[in-house]
Structures are given as structure tokens and as C-alpha cells.
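Participant: how would this look folded up:
(one chain, ligands or ions: 1)
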Amino acid sequence: MPASHEKRRTFAIISHPDAGKTTLTEKLLYFGGAIRMAGQVKARGEKRRAKSDWMKIEQERGISVTSSVMTFEHKDLIFNLLDTPGHEDFSEDTYRTLTAVDSAIMVIDASKGIEAQTRKLFEVCRLRDIPIITLVNKCDREAKDTFELLDEIQETLALDLSPMVLPIGTGSNFHGCFNITNGDYYTSETRGEAFDKIVETTGFDDEKLDELVDGQLLEEAREMMELASIGYSEFDLESYQEGHLSPVIFGSALKDYGPTALLDLIAEIAPMPRSAPSTIRTVTPDEKKVSGFVFKVQANMDSNHRDRVAFMRICSGDFKRGMKLRQVRTNKDVMVHSPIMFFAQDREVVHGAGPGDVIGIPNHGTIRVGDTFTEGENLQFTGLPAFAPEILRRVRLPDTTKVKQLRRALEDLAEEGLTQVFKPNIGSNWIIGLVGILQLDVLKSRAKAEYGVEIDFEPLTFNMAVWLKCEDDAKLKTFISANAGNVVHDREGSPVFLAKSQWELDYTKERNPDIIFMKTRELV
Ligand code: GDP
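Facilitator: Predicted coordinates for the structure are as follows:
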């Protein structure tokens, strides 16, 4: 029997909004046997969304922010699909989610090619050497030429590609897809309908295909297969697992082309849970003792319970319900009574979980993003980034009797990663920092709906924020007092420099060569 960590495949889907992530998620859950009917991901999401005002905003703007973990068993393996919010305004949360996966599926719209958000998320995967399987989606619609797409992906991302499943025709001429690795032809009984038939062939020259594909198209497709198999890299497991090469499947999530091939491929090649770096040593998934880190905290998931859920990725050991774990930052032991796992249709209290799994720990605000839990060892997992905000505002509170509610709202929402909160050295109003402008509206309406506090925002003359670091504490102190009007502190007490422009930042850097100005900061 494989050890528990060998059975887990923990992955996320990265894509630009509208490329088909939700559709693919539903189909993976459906073909993975987790749900009876496709369409339930959205239905559930909508039910949950209706509960809270801020979620209405998302609904109106057609953005899905309900992010969670979906676990299902398939082919004797446990698949954990971590959902990442798709809109670029929520990228910080998305980036952090990517620290908790071992591989990713990159979905690309066949008519659009590489889009901005795909590229950003790909860069995050590359930084962490996360292996990627590519799905070129929507082949049932008019699409770019297959080679043009492959070359575009290969060149823009500097990534070797190994095409495995290629389309035969696209748009109204879409016949199906051909698997060049095993000769399977995926098609449908009735042209244009969903995938419902596999024809096994001896290869692309097999005469069976002559009866199934129109003559002219078949000729072109045969030529394409030939070129595709010689013009691109051969699949190499090591190169894929190191993040240098991506196998490519062309398909249509809507018409069921792709999801089953992806599930098979993940089962076959996607890496099992990896080792995790920490402040003192690297923790391997086969270690007996339980350890994990929190990559996300979500407040008010359910308006009936004001609790929050901290999402912890287990890095090692077999976790059991009721276990006592040490929260390393506070050096306190926490009894995990009701760990939650998330299934397609429900969330349930679970009795056990293994490396690669994500459990939700309900808490009253004591657990933070970046927290490490162990069975007592004093180590902290590293590598969870905080990003320099691009939008800064001063928070105005018209009703000054509500200071307490404001503090609570800002702290909770900062905990979730929706905003960053800074305390100025001079003056007393909070300053918030955001990565996307849409978050201002979300912050405002959540503060009102969930904490009963009306807030406004005032623009600042500053529009850049960077963290400060210096080997020499005394020099840092001198810098801070000389620039008191520009320096604020984040929630952890780390100093942050605010600048009006890139020019001011560069100028300050030049004059203070001993100070390091950082665009990202590791939370640990
Ligand atoms: P997301 O924003 O990436 O989650 O994208 P969705 O899954 O919500 O899909 C966006 C739109 O594209 C929806 O209208 C889907 O029905 C449609 N769509 C998704 N996949 C396909 C596909 O393979 N073919 C076609 N024709 N439409 C698709």
C-alpha cells in the first residue's frame, strides 16, 4: 500500500478570467466522481454568495471570489483541487494559494492565447518551480492556428512544450481530438455534441480515421500530427516535474474534451506532496510528525457564525482529529477539535488527513496567514509572500464612536489578505494598501455589512509602498526618524516606506545605500 503522502495530488487551475476555469473545475469533479451533476460548483457558490452583501458586488460584476478546496478520490488517489479566485484584483490571495499546491493546470482560451493574468500566475508558478500541464480550451469555437498557439505559449513563457492531444478541426469544423501518445481518437457519435466515443487506432495513419474525418481536414490534420511530433520536445517526466516542460492537451471543457485526459495525466505524472523549506531545515512529507502552514484565512464564510476558517496545508505526518498542535508564532498549543475538509457538495468535519491535504481550522481570529503548526518543533515554514500594495488610501471614519468596530474590520479583512493595514508614524488614521482598485468597494461594503461600520477613503499623496530592511538596526532607526513622514508600520510592526513616485523612491534609495527597499516581504 502506498504511504499516505504518495496518494495525494494537490493542484490548482490557473487562467485568465473567462478561459474556462469554472467549467473545467466542474468537469474534473464530475468525471472524478465527486459530483453527480456538473453545474454544482456554481450553484453552491451562488447560494453562498447570496448570503452576504459584498459577495453581491462580485456577482454583479461576474467575478467569482468564493475560493475553497475541493477534495475527491479517484483512481485510488486523493485529488485536492485548490480553487483560486480568478480576477486580477484578488491576486495576492491567489498567489498565496499557489504556495500550497504541488502542480497546476494552465487553461488557455484557444482563440486568445496567452492573456495577462495567465502570464502573471505562470510567473508565480515558475518562481516556485511548480510543474504545469496546459489545457488549450474552447477548441469547439473558432481558434487560433494550432502551431501559432503552441509557438506563442512556448515563446512568451519560455517553456518547452510537449503536445499530447491535438484538435482535429476547430470551431464549426471541430471533429474531436487525437492523442498522439497512445493513438486514441476522442470524438462524438453526432458531430458537434459532447465527447462520448473513443476510437482506438494504431496511430495517425490508421485507415479507420478515413471514415471518421472529412478528407481535406484529415490530410491537414495528419500533416499537423507529423509536424507536432517532430517539432516539439518529447515528454520528459523530470523536465516536467522541474517546471521546464509542459505537456499540452487541446480540448473543450464545455464539450467534455480534456477533463478525463487531464485526470489521467495528473494521476500518472503530477508530483506527490513535495518537501517544504523552513527556517531550520527542510521537512519531508514522509516524516511521522504532523506539520503544516496556513496560507489563507477566511472570515465570515457563513454569516451565522462569525468565526473564521484558517486553511492549513499539511506538510508531513498523519493528522488526526482532536490532535494538539503547537502554533509556533505564539508558542501555544491548539487543540484541533473540528477540522474541516471541503468536498464538492459539502464541507465536513474530518477525522484524519495527510500530507498534501488542506484542512480548515475554525478559530476566533487567533490564527494568521503564515502560521506554522507542528507537534512541538520550533520551526517556521518559509516562502509565503506579502506583496507591495499599489493603491494607498487613508481610512476616514465619519462616526467616531465606531473605532473599535473599524479596528476589528480592518484586522479581520487584512488577515484574509483583502487589504493591508498600516499605522502611520505621524497622525492616527489607518492607511490601507491594496493590490487592486476593486477591493476598495469590497472593503467598504463588507465593513458595513459584517461590522456595521461606514467608512470612506481619502487619497494620499503617496502611491507606492515598499518594506524596509537593514543589517544595521541603528542605521534603520536613523533612516526612519529622518523620514518620519514617509514611514508607516505594517501589522507585524515592520517598517514600510511610502513614496510619491518612482523618482522619489529611486532618489531615496540612491541616498541611502545601506537600506534595502523590498517590493515583497516573506511573511515568515
Ligand atoms: P472562468 O471565468 O475561467 O471560470 O470561465 P468559465 O468556466 O465561467 O467560462 C466562461 C465562459 O466560457 C462560459 O460562458 C462558459 O460556458 C464558456 N466556456 C468554457 N469552456 C468552454 C469551451 O470549452 N467551449 C465553449 N464554447 N465555451 C466554453
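Participant: quick check: domain ranges of this protein?
Facilitator: When the chain is parsed with the TED database, its domains come out as 5-269, 276-374, 385-522.
Participant: could you pull out the helices for the stretch 301-450 of the chain?
Facilitator: For the stretch 301-450 of the chain, the helices defined by DSSP state H, counting those that start in this stretch cover 403-415, 438-451.
Participant: Which among those helices is found nearest to the ligand?
Facilitator: Nearest to the ligand, of all the helices of the stretch 301-450 of the chain, is helix 438-451, at 15.3 Å by Cβ to the nearest ligand atom. Bear in mind the C-beta positions are built from the backbone N, C-alpha and C, glycine included.
Participant: Okay, angle between that closest one and helix 403-415 too, please.
Facilitator: Per axes from the mean of the first three to the mean of the last three Cα atoms, to 10 degrees, the angle that helix 438-451 makes with helix 403-415 is 130 degrees.
Participant: so what secondary structure elements neighbour helix 438-451?
Facilitator: Under the contact criterion of 3 or more Cβ pairs under 8 Å, 6 or more residues apart in numbering; DSSP states H and E, helix 438-451 touches helix 53-60, strand 391-396, helix 403-415, strand 431-434, strand 456-459.
Participant: Let me know which of these is tucked in deepest.
Facilitator: Sort the helices and strands packed on helix 438-451 by mean neighbour count, taking mean count of other Cβ atoms under 10 Å, and strand 431-434 sits at the top with a mean of 24.
Participant: Glu287 is in contact with Ser316, correct?
Facilitator: Yes - contact criterion Cβ atoms under 8 Å: Ser316 and Glu287 qualify, at 4.0 Å.
Participant: near the ligand, which residues of the stretch 151-300 of the chain show up?
Facilitator: Ser252, Ala253, Leu254 (Cβ under 6 Å from any ligand atom).
Participant: Which of the residues you listed ranks first by neighbour count?
Facilitator: Ser252 (28 neighbours; other Cβ atoms under 10 Å).
Participant: For that residue, give me its contacts.
Facilitator: Asn137, Lys138, Cys139, Asp140, Arg141, Phe174, Phe195, Gly258 (Cβ atoms under 8 Å, 6 or more residues apart in numbering).
Participant: Recalculate using a threshold of 10 Å.
Facilitator: Ser252 makes contact with 20, 23, 27, 110, 135-141, 143, 167, 170, 174, 176-177, 194-195, 258-259, according to Cβ atoms under 10 Å, 6 or more residues apart in numbering.
Participant: Could you export the helices and strands packed on helix 438-451 as TSV, including distance to Arg491 and mean pLDDT?
Facilitator: Formatted as TSV, the helices and strands packed on helix 438-451 follow (distance: least, Cβ to Cβ, whole Å; pLDDT from 0 to 100):
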stretch	distance to Arg491	mean pLDDT
helix 53-60	21	42
strand 391-396	14	93
helix 403-415	6	88
strand 431-434	11	91
strand 456-459	19	94
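Participant: Do you know the pLDDT at Ser103?
Facilitator: Each residue has a pLDDT score; the one for Ser103 is 98.
Participant: Would you check that it makes contact with Ala12?
Facilitator: Yes - Ser103 is within contact range of Ala12, at 8.3 Å (criterion: Cβ atoms under 10 Å).
Participant: between those two, what contacts are shared?
Facilitator: Joint contacts of Ser103 and Ala12 (Cβ under 10 Å, 6+ apart) are Cys125, Ile130.
Participant: do you know how far the closest residue in space to Gly203 that isn't next to it in sequence is from Ile230?
Facilitator: Using Cβ to Cβ, 6 or more residues apart in numbering and skipping residues adjacent in sequence, the residue nearest Gly203 is Gly183, 5.2 Å away. Gly183 sits 17 Å away from Ile230, going by Cβ to Cβ, to the nearest Å.
Participant: between these two, who's got more neighbours?
Facilitator: Between Gly183 and Ile230, Gly183 has the larger neighbour count (other Cβ under 10 Å), namely 16 against 8.
Participant: Now for that one: which residues touch it?
Facilitator: Val199, Glu200, Thr201, Thr202, Gly203, Phe204, Asp205, Asp206, Lys208.
Participant: pLDDT wise, what is the fourth one at?
Facilitator: We note a pLDDT of 96 for Thr202 in this prediction.
Participant: Next, count neighbours for it.
Facilitator: The number of residues packed near Thr202 is 9, by other Cβ under 10 Å.
Participant: My read is that it contacts Lys208, right?
Facilitator: Yes - using Cβ under 10 Å, Thr202 is in contact with Lys208, at 8.5 Å.
Participant: Ends of stretch 489-504, what's the gap?
Facilitator: 19 Å (Cα to Cα, to the nearest Å).
Participant: now the residue nearest to Leu254 when sequence neighbours are not counted, what's its secondary structure?
Facilitator: Counting by Cβ to Cβ, 6+ apart, Thr23 is the residue found nearest to Leu254 once chain neighbours are left out, at 5.6 Å. What DSSP: H, G, I helix; E, B strand; the rest coil gives for Thr23 is helix.
Participant: Look up how far the ligand lies from Thr23.
Facilitator: Remark: distance between Thr23 and the ligand (Cβ to the nearest ligand atom, to the nearest Å) = 3 Å.
Participant: ok, now Thr25?
Facilitator: Distance, Thr25 to the ligand, using Cβ to the nearest ligand atom: 7 Å.
Participant: can you count the residues close to that residue?
Facilitator: Neighbours of Thr25 under the rule other Cβ under 10 Å: 23.
Participant: pretty sure it contacts Val69?
Facilitator: No - counting by Cβ under 10 Å, Thr25 stays clear of Val69, with 11.6 Å between them.
Participant: isn't Leu443 right up against Leu406?
Facilitator: No - in this structure, Leu443 is not within contact of Leu406 by Cβ under 10 Å, at 11.2 Å.
Participant: packing partners for the longest helix seen in the chain?
Facilitator: Assignment by DSSP state H gives helix 215-231 as the longest helix of the chain. On a contact count with 3 or more Cβ pairs under 10 Å, 6 or more residues apart in numbering; DSSP states H and E, helix 215-231 meets helix 146-157, strand 160-168, strand 176-179, helix 208-212.
Participant: and those as a markdown table, adding mean neighbour count, mean pLDDT and distance to Ala482?
Facilitator: As requested, the helices and strands packed on helix 215-231 are exported to a markdown table (neighbours: other Cβ atoms under 10 Å; pLDDT from 0 to 100; distance: least, Cβ to Cβ, whole Å):
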| stretch | mean neighbour count | mean pLDDT | distance to Ala482 |
| --- | --- | --- | --- |
| helix 146-157 | 17 | 96 | 44 |
| strand 160-168 | 23 | 97 | 50 |
| strand 176-179 | 23 | 97 | 64 |
| helix 208-212 | 14 | 94 | 75 |
